[in-house]
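In: any chance you could fold what I've pasted below:
(one chain, ligands or ions: 2)
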Amino acid sequence: MAAITMKNIVKQYGDGFPAVNDVSIDVADGEFMILVGPSGCGKSTLLRMIVGLEDITSGDMLIGDRRVNDLAPRERNLAMVFQNYALYPHLTVYENIAFPLRLAKMSDDEVDRLVRDASDTLELNEHLERKPGNLSGGQRQRVAMGRAIVRQADAFLFDEPLSNLDAKLRGQMRTEIARLQKRLGITTVYVTHDQTEAMTLGDRVAVLKRGLLQQLATPRELYENP
Ligand code: ADP
Ligand code: ADP
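Out: Ligands and ions are numbered 1, 2, ... in the order given. This is a model prediction of the structure:
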């Protein structure tokens, strides 16, 4: 069973050309799937329909074997990972990671166990008492991922997380995200307009153009048959 199944997904705004036009993609368990294409091709809209931030005009969206078309974002158990503006600047790294657990009214002991597990995995142990403003971009990214891990989300969703960084940092972060994704084994859908990012990060790449799925292939297949 696929982790995320998009079946004949259509998004129509008003009466123009559909923003997403009959797109079907299966994301396998643990797979790193890239949605790539030029600005306006529909990739953010598709990602927002997976998370539940955008209504689906027609088609079926499944997470595991559950149809989620009519479920609110918080009922889907997915984690949108933002670059940095979703971290709370006044809270420490520890409390930022713990935040969803506090909301769920978990005991202090349980919170502590989960936060320490996540910070071990993400190599954040030395930074737990710091505030986001004093962290590097890469460290902030890991804190955002930590918050998703403790929630035991079924998948990570990224919307152009590196687009505001300079080239050098972007390269470093790309390597780091790829490494962490493989280590965590968590299903990931990642939106980018950057070909290099698509070809180096993805297990498979879905190429969109004007709302249509043009190609769905591994980076190697795309390289050999562009
Ligand atoms: P991308 O993420 O690939 O840049 P988007 O998914 O943001 O593309 O947009 C796809 C198309 O849908 C574009 O033509 C965009 O203008 C249009 N669109 C996106 N959001 C809306 C909206 N809320 N209302 C009307 N049109 C929209
Ligand atoms: P992106 O950076 O993903 O391409 P945009 O800057 O195109 O996003 O869009 C920012 C916001 O404006 C989004 O919430 C999107 O839904 C909305 N939007 C985009 N295109 C249109 C449009 N043609 N009409 C109305 N809203 C739009």
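In: report the buried residues of the longest helix seen in the chain.
Out: As assigned by DSSP state H, the longest helix anywhere in the chain is helix 167-184. Judged by neighbour count (16 or more other CB atoms under 10 Å), helix 167-184 contains these buried residues: Arg170, Met173, Arg174, Glu176, Ile177, Ala178, Leu180, Gln181, Leu184. For glycine as for every other residue, the C-beta is placed from the backbone atoms N, C-alpha and C.
In: wait, does the helix or strand just after that helix contact ligand 1?
Out: Per DSSP states H and E, helix 167-184 leads on to strand 187-192 as the next helix or strand towards the C-terminus. No: between strand 187-192 and ligand 1, judged by CB under 6 Å from any ligand atom, nothing touches; the nearest distance is 6.5 Å.
In: can you pull the buried residues of the following helix or strand past strand 187-192?
Out: Sequence-wise, the next helix or strand downstream of strand 187-192 (DSSP H and E) is helix 195-201. Of all the residues in helix 195-201, those buried under the rule 16+ other CB under 10 Å are Glu197, Ala198, Met199, Leu201.
In: which elements pack onto helix 195-201?
Out: strand 32-36, helix 167-184, strand 187-192, helix 219-224 (3 or more CB pairs under 8 Å, 6 or more residues apart in numbering; DSSP states H and E).
In: quick check: what element follows it along the chain?
Out: Going down the chain from helix 195-201, the next helix or strand is strand 204-209, by DSSP H and E.
In: tell me the angle of that next one relative to strand 187-192?
Out: Angle, strand 204-209 to strand 187-192, by axes from the mean of the first three to the mean of the last three CA atoms, to 10 degrees: 40 degrees.
In: buried residues, the next helix or strand after strand 204-209. List them.
Out: Next helix or strand after strand 204-209 toward the C-terminus (DSSP H and E): strand 212-217. By 16+ other CB under 10 Å, the buried positions in strand 212-217 come out as Leu212, Leu213, Leu216, Ala217.
In: show me the beta-bridge partners of the last one.
Out: Put plainly, it is Ala217. Val205 (DSSP bridges).
In: pretty sure it contacts Val205?
Out: Yes: checked against CB atoms under 8 Å, the pair Ala217 and Val205 is within contact range at 6.3 Å.
In: surely Arg130 meets Leu91?
Out: No: Arg130 lies out of contact with Leu91 (CB under 8 Å); the separation is 10.5 Å.
In: secondary structure class of the residue nearest the centre of the chain, three-state.
Out: Nearest to the mean C-alpha position of the chain, by CA atoms, centre = their mean, lies Leu157 at 1.5 Å. Secondary structure for Leu157, judged by DSSP: H, G, I helix; E, B strand; the rest coil, is strand.
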